[in-house]
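K.L.:
can't give you the sequence, but here's the structure:
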């Protein structure tokens with residue numbers, strides 16, 4: 001109990017400053033609320049001021065909720081706010097939480113738990129007779145972080161000995177470097193007596209057990225919960241505890257020691273805990289012992305941690321066997337421990353959950369009611385068919401519970417006198433398909449509540465928590481994983497997808513000041529296929545240059561559209577973009593706009609000409625040196641000039657159409673050729689006239705269009 005109190009006090013100290021999200025759904029009660037969000041409000045989360053900031057690619061699907069920790073002193077890289085992401089490819093990433101560009105484009109650190117050369121790989125889904133998570137299984141459950149010791153705990157699953165052995169390991173990683181702590185990792189193994197007389201035992205079978213639910217750190221013990229793969233193979237629900245300091249196993253609970261089933265999967269929700277140190281898990285399909293507390297499938301189970309793990313109380317619905325026969329898991333939802341203040345004198349401690357059937361249960365945590373045939377009248381409240389099937393967990397805020405069921409709208413049910421209202425007081429405008437969603441709340445105390453969630457069409461939604469009918473924002477995450485749970489911290493929203501971490505936050509719309517020829521920056525018309533420079537503000541969130549010979553259409557989440565067509569990009573930064581005008585842009589008036597993240601500039605007019613030459617500096621002498629006073633071009637030698645703005649889509653140009661003058665004197669143009677690997681740029685070879693040594697102006701013209709002037713130096 002002392003460690004629980006100290007942990008709570010430590011969290012309170014942290015919350016008075018910066019925000020940490022160190023566990024699934026924000027806290028041990030699994031309320032899903034961050035009450036220290038002072039930046040995001042219903043007034044500033046809107047399409048013109050909020051959007052996608054950056055994306056970080058990862059090597060696999062992200063089913064776990066991202067975790068956030070402020071002010072981490074990363075080994076050799078200084079202090080960063082960090083977001084931690086885990087993948088089904090058995091990788092753990094630490095990313096800078098505030099920037100995805102420049103030195104923060106790469107992970108601050110990354111750890112992989114596979115070693116293919118030595119036969120250690122992720123688990124192929126097909127080997128488990130289940131394709132619910134495919135194609136591979138590595139890290140699924142949300143990790144947990146101990147801020148006091150700076151340790152991240154995570155479970156990784158592997159197939160080893162060249163596809164012979166299934167292994168699960170609990171790892172304890174230093175948050176500053178990803179290094180394993182002493183004693184880490186430890187292989188997950190367990191057994192319990194299988195009958196009342198203890199003559200047989202039931203063992204943990206790694207192949208058939210899945211670490212789906214998030215991890216729980218409580219009073220110095222890390223608890224891992226275990227479920228099945230599609231109800232395949234002989235499996236049980238397990239909760240296994242390890243000393244957080246030594247990783248020695250200290251507690252084991254099996255939900256069905258005399259039967260099978262009872263998976264603790266909870267659609268990814270972590271076990272909940274109350275202030276007295278009790279743990280709450282919800283079990284799925286399997287054998288139900290209606291006459292006792294031995295086999296507890298289809299139940300919410302309260303476990304005492306006073307001496308290992310033991311059943312302190314439970315509730316099993318009256319129709320548990322029917323639910324199991326119809327594959328309507330009670331365990332599709334995790335338990336939400338409600339704050340004491342919402343209860344009554346008769347029922348001061350409440351815990352609630354939903355189910356795959358769509359029933360909502362409110363249970364007295366001190367007298368859970370066990371099993372009663374015929375009805376569930378022994379519990380505080382049961383609301384059948386009040387919502388669609390629930391996968392994940394409800395969220396609590398301001399005496400209101402929010403539920404996001406399958407094929408249903410997100411609904412808000414206020415609590416009064418320890419009971420949920422029989423009818424939602426507000427709801428989102430449309431139903432959520434597939435498996436519904438897992439919402440979270442950001443707020444500043446009791447004010448500025450925003451409900452966030454990700455739907456199956458890969459859209460992040462933000463709703464005014466006071467009125468779910470008021471949608472504040474909707475933006476694409478790019479791809480979707482089921483039960484995706486976003487994390488909100490310090491003005492940003494973090495969401496995991498099939499292949500990336502996506503970060504949303506306050507954005508400033510880009511604005512264009514001028515678009516000019518990139519060679520010399522002269523104003524006026526530009527040619528299709530030529531290189532232009534766009535100057536303005538908020539054009540990109542960081543500087544990034546293209547690599548390779550093929551120019552991308554997007555850099556640093558920014559793109560330039562000309563008549564709606566993406567322009568190939570050379571370089572982007574907050575104040576400048578260098579790009580190639582799309583070669584098919586017709587002559588005449590065009591419209592250009594910059595999109596950065598989810599923001600877009602006002603369109604600006606751009607004049608497209610047939611020819612609009614521009615000379616880049618420096619000019620090169622015949623021997624390859626840069627033309628300068630110290631290295632003047634000799635008479636009758638040649639100089640090499642780089643040019644843009646000629647006719648597009650041609651590797652060479654007719655020299656008769658290109659005219660060059662040095663000091664006003666016409667000079668011979670010997671060749672005009674496209675520069676390999678540099679789109680829109682031509683190399684022109686010009687004969688140097690015999691003139692007195694000195695500085696002269698070079699200009700190039702074609703079709704009555706004249707370039708900028710550049711200075712060249714002539715010698716003897």
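P.N.:
Here it is on my side, so go on. Just so we're clear, the structure is a prediction, and the values are computed from it rather than from any experiment.
K.L.:
all helices in this structure, in order from the N-terminus.
P.N.:
2-15, 320-325 (DSSP state H).
K.L.:
residues in contact with the shortest one?
P.N.:
By CB atoms under 8 Å, 6 or more residues apart in numbering, the residues outside helix 320-325 that reach it are 261, 285-286, 288, 290, 297-299, 317, 329-330, 355-357, 371. C-beta here means a position set from N, CA and C on the backbone, and glycine is covered the same way.
K.L.:
pull the distance from it to the chain's centre.
P.N.:
Counting by CA atoms, centre = their mean, to the nearest Å, helix 320-325 is centred 36 Å from the centre of its parent chain.
K.L.:
got the buried residues for it?
P.N.:
Residues 320, 323-324 are the ones in helix 320-325 that count as buried (16 or more other CB atoms under 10 Å).
K.L.:
tell me the mean pLDDT over that helix?
P.N.:
Averaged across helix 320-325, pLDDT comes to 92.
K.L.:
try the first one
P.N.:
Confidence for helix 2-15, expressed as mean pLDDT, is 32.
K.L.:
report the contact partners of the closest residue to residue 584 other than its chain neighbours.
P.N.:
Among residues not flanking residue 584 along the chain, residue 528 sits closest, at 6.9 Å (CB to CB, 6 or more residues apart in numbering). Residue 528 makes contact with 581-587, 608, 648 under the criterion CB under 8 Å, 6+ apart.
K.L.:
nearest to residue 269 among those residues?
P.N.:
Each of the contacts of residue 528 was scored against residue 269 by CB to CB, and residue 582 proved nearest at 48.6 Å.
K.L.:
ok, for the closest one, nearest residue in space, not its chain neighbours?
P.N.:
residue 565 (4.6 Å).
K.L.:
ends of stretch 532-543, how far apart?
P.N.:
17 Å (CA to CA, to the nearest Å).
K.L.:
who wins on neighbours among the contacts of residue 528?
P.N.:
residue 581 (29 neighbours; other CB atoms under 10 Å).
K.L.:
hmm, residue 608 and that one touching each other?
P.N.:
Yes - using CB atoms under 8 Å, residue 581 is in contact with residue 608, at 7.1 Å.
K.L.:
overlap of the contact sets of the two?
P.N.:
526-528.
K.L.:
and residue 629, what does it touch?
P.N.:
Residues counted as contacts of residue 629 (CB under 8 Å, 6+ apart) are 695, 713.
K.L.:
mind redoing it with 10 Å?
P.N.:
Residue 629 makes contact with 693-695, 711, 713, 715, according to CB atoms under 10 Å, 6 or more residues apart in numbering.
K.L.:
what's the answer for residue 190, then?
P.N.:
Per CB under 10 Å, 6+ apart, neighbours of residue 190: 201-204, 209, 224, 226, 236, 238-240, 249, 251-254.
K.L.:
state the pLDDT value of the residue nearest to residue 582.
P.N.:
pLDDT at residue 565 comes out at 96.
K.L.:
and stretch 656-675, end to end?
P.N.:
Stretch 656-675 end-to-end distance (CA to CA) = 19 Å.
K.L.:
buried sites along it?
P.N.:
So stretch 656-675, judged by 16+ other CB under 10 Å, has buried residues 658-663, 667, 669, 672, 674.
K.L.:
one more: stretch 247-261?
P.N.:
Here stretch 247-261 shows 247, 249-261 as buried, counting by 16+ other CB under 10 Å.
K.L.:
again with stretch 534-547
P.N.:
Under 16+ other CB under 10 Å, the buried positions of stretch 534-547 are 534, 536, 538-542, 544, 546.
K.L.:
now, which of the residues you listed lie within strands?
P.N.:
Among those, the members found in strands (DSSP state E) are 534, 536, 544.
K.L.:
which among these gets closest to residue 103?
P.N.:
residue 544 (12.0 Å).
K.L.:
gap between the closest residue to the closest one other than its chain neighbours and residue 101?
P.N.:
Closest residue to residue 544 apart from its sequence neighbours, by CB to CB, 6+ apart: residue 556 at 4.2 Å. Per CB to CB, to the nearest Å, residue 556 is found 6 Å from residue 101.
K.L.:
okay, these two: which has more neighbours?
P.N.:
residue 556 (25 against 19).
K.L.:
contact partners for the more buried one?
P.N.:
With CB under 10 Å, 6+ apart, residue 556 has these contacts: 54, 100-102, 105, 539-545, 569, 571-574, 577, 596-597.
K.L.:
overlap in contacts of residue 556 and residue 101?
P.N.:
54, 540-544, 572-573.
K.L.:
which parts of the stretch 151-300 of the chain are strands?
P.N.:
Ranges of strands within the stretch 151-300 of the chain are 151-160, 165-174, 186-187, 191-193, 201-203, 216-218, 221-226, 238-243, 249-254, 272-273, 279-282, 300-304, based on DSSP state E, counting those that start in this stretch.
K.L.:
and those strands: which comes nearest residue 398?
P.N.:
strand 272-273 (19.6 Å).
K.L.:
what helices and strands are in contact with that closest one?
P.N.:
Taking 3 or more CB pairs under 10 Å, 6 or more residues apart in numbering; DSSP states H and E as contact, the helices and strands that strand 272-273 lies on are strand 216-218, strand 279-282, strand 300-304, strand 336-337.
K.L.:
for that strand, which strands pair with it and how are they oriented?
P.N.:
Here strand 272-273 is paired, per DSSP bridges, with strand 279-282 (antiparallel).
K.L.:
check which residues of the strand it pairs with are buried.
P.N.:
279-282.
K.L.:
farthest pair within the contacts of residue 190?
P.N.:
Every pair of the contacts of residue 190 checked by CB to CB; the farthest is 201 and 224, at 19.5 Å.
K.L.:
so which of the two has more stuff around it?
P.N.:
With neighbours defined as other CB under 10 Å, residue 201 and residue 224 compare such that residue 224 has more, 27 against 13.
K.L.:
hmm, residue 240 and that one touching each other?
P.N.:
Yes - if you go by CB atoms under 10 Å, residue 224 and residue 240 touch, sitting 5.3 Å apart.
K.L.:
cool, thanks, signing off.
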